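# Requesting a structural model of the entry that follows:
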Amino acid sequence: MSSTPTVLITGCSSGFGLDTARLFLDRGWRVIATLRNPQVSVLPATDLLRVLPLDVTDAHSIQRCVAEAGPIDALVNNAGIGLLAPLEGVSMATAREVFDTNVMGTIAMTQAVLPQLRERGAGVVVNVTSSVTLKPLPLLSVYTGSKAAVNAFTESLALELAPFGVRARLVLPGRAPSTSFGANARRLVERSGHPAYADYTQHVFGVMRDGHGPVTQALDVAEAVWRAVTDPTAPMRIPAGEDAVALSQEGPNASA
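Reported below is the predicted structural model:
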């Protein structure tokens, strides 16, 4: 990496992306913070920061962003949307929206920056997915499917990039009530209801709202991303947050 390395982070309007951008700035990195509407950025003004518009579902937007960003040392694919809904109530349009952002957006951004990393023989791609891929949970079939796809994509990608000195890693956050995930998910739920699941859906939402135990803070995710980017010995999957760590220790066969 250069003396002042550069990271490009997607989805920096709030939550994980925002705190990750702040942490990298605090530790002396140049940060390319991307979001759909740069006018709403709340990041501190500094010579180390550039804020660029980016829609990860738009090929032209990706091309413009990567060209304007210039050389980078790390890509953090954090942009994503959530969905909590029974599958029977999810339209194919909504399912495609989730996969377009969470999966195809990640793949497209990665493909766009790989040439420069491969040619330099250095760099890292970090994909932020979710601890829901570690344990089956209700009303998350489409969302979990999208994040599990990114897990598999990243693990395979890491093998093909290793000969070129480029790393790929995963960060798996737990439940983070303070982020915009819940609001985004509820927006999609409004058009993804199904009367047969109404009582069950309300029960699950109630459990989530009243749930006790550890949760994930945005700073937990930022620290995990920092480790994935800066520590070449970091494992492929890094759980972020106490609840995510607990799930990773339980394994996929733990009871829901």
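# and residue 70, how many neighbours?
12 (other CB atoms under 10 Å). No exception for glycine: its C-beta is placed from N, CA and C like everyone else's.
# give me the low-pLDDT residue ranges for this structure?
1-2, 39-41, 177-192, 209-212, 251-256 (pLDDT under 70).
# Now do the strands in it.
With strands called from DSSP state E, the chain shows them at 6-9, 30-35, 49-53, 74-77, 124-128, 167-173, 237-240.
# what packs against the first one?
Using 3 or more CB pairs under 8 Å, 6 or more residues apart in numbering; DSSP states H and E as the contact test, the elements touching strand 6-9 are helix 15-26, strand 30-35, helix 59-69, strand 74-77.
# one more time with 10 Å, if that's ok
Counting contacts by 3 or more CB pairs under 10 Å, 6 or more residues apart in numbering; DSSP states H and E, strand 6-9 is packed against helix 15-26, strand 30-35, strand 49-53, helix 59-69, strand 74-77, helix 105-120, strand 124-128, helix 218-230.
# ok, now the longest one?
Identification of packing neighbours for strand 167-173 by 3+ CB pairs under 10 Å, 6+ apart yields helix 15-26, strand 74-77, helix 105-120, strand 124-128, helix 141-161, helix 218-230, strand 237-240, helix 242-250.
# swap in the third one?
Strand 49-53 makes packing contacts with strand 6-9, helix 15-26, strand 30-35, helix 59-69 when contacts are defined by 3+ CB pairs under 10 Å, 6+ apart.
# Residue 172: neighbour count?
Per other CB under 10 Å, the neighbour tally for residue 172 reads 26.
# no, scratch that, I was asking about residue 128
With neighbours defined by other CB under 10 Å, the count for residue 128 comes to 28.
# Residue 35: which of the helices and strands packed on strand 167-173 is closest?
Closest approach to residue 35 among the helices and strands packed on strand 167-173 (CB to CB): helix 15-26, 7.6 Å.
# returning to what we had before: okay, the helices and strands packed on strand 6-9, which one's buried deepest?
Comparing those by mean neighbour count (mean count of other CB atoms under 10 Å), strand 74-77 ranks first with a mean of 28.
# Mind giving me the packing neighbours of that one?
Using 3+ CB pairs under 10 Å, 6+ apart, the elements in contact with strand 74-77 are strand 6-9, helix 15-26, strand 30-35, helix 105-120, strand 124-128, strand 167-173, helix 218-230.
# change it to 8 Å
Applying 3+ CB pairs under 8 Å, 6+ apart, we find strand 74-77 packed against strand 6-9, helix 105-120, strand 124-128, helix 218-230.
# Return it as PDB; C-alpha atoms alone will do.
C-alpha atoms of strand 74-77 as PDB (Å, rounded to 0.1, in the frame of the first residue of the first chain):
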ATOM      1  CA  ALA A  74      -9.100  -1.200  -0.700                       C
ATOM      2  CA  LEU A  75     -12.700  -1.600  -1.700                       C
ATOM      3  CA  VAL A  76     -15.400  -2.100   0.900                       C
ATOM      4  CA  ASN A  77     -18.700  -3.200  -0.500                       C
END
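# returning to that earlier point: possible to save the strands of the chain as CSV with distance to residue 136?
Output for those, formatted as CSV (distance: least, CB to CB, whole Å):
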stretch, distance to residue 136
strand 6-9, 30
strand 30-35, 32
strand 49-53, 37
strand 74-77, 24
strand 124-128, 20
strand 167-173, 15
strand 237-240, 17
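# Looking at the ones you listed, which is nearest to residue 64?
Closest to residue 64 of these, according to CB to CB: strand 49-53, at 7.9 Å.
# Sheet partners, orientation included, of the closest one?
Here strand 49-53 is paired, per DSSP bridges, with strand 30-35 (parallel).
# CA atoms only for the partner strand, dumped as PDB, please.
The C-alpha atoms that make up strand 30-35 are tabulated as PDB, following Å, rounded to 0.1, in the frame of the first residue of the first chain:
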ATOM      1  CA  ARG A  30      -7.800   8.700   2.300                       C
ATOM      2  CA  VAL A  31     -11.400   7.800   2.000                       C
ATOM      3  CA  ILE A  32     -13.700   7.800  -1.100                       C
ATOM      4  CA  ALA A  33     -17.100   7.700   0.600                       C
ATOM      5  CA  THR A  34     -19.900   6.900  -1.900                       C
ATOM      6  CA  LEU A  35     -23.600   7.300  -1.500                       C
END
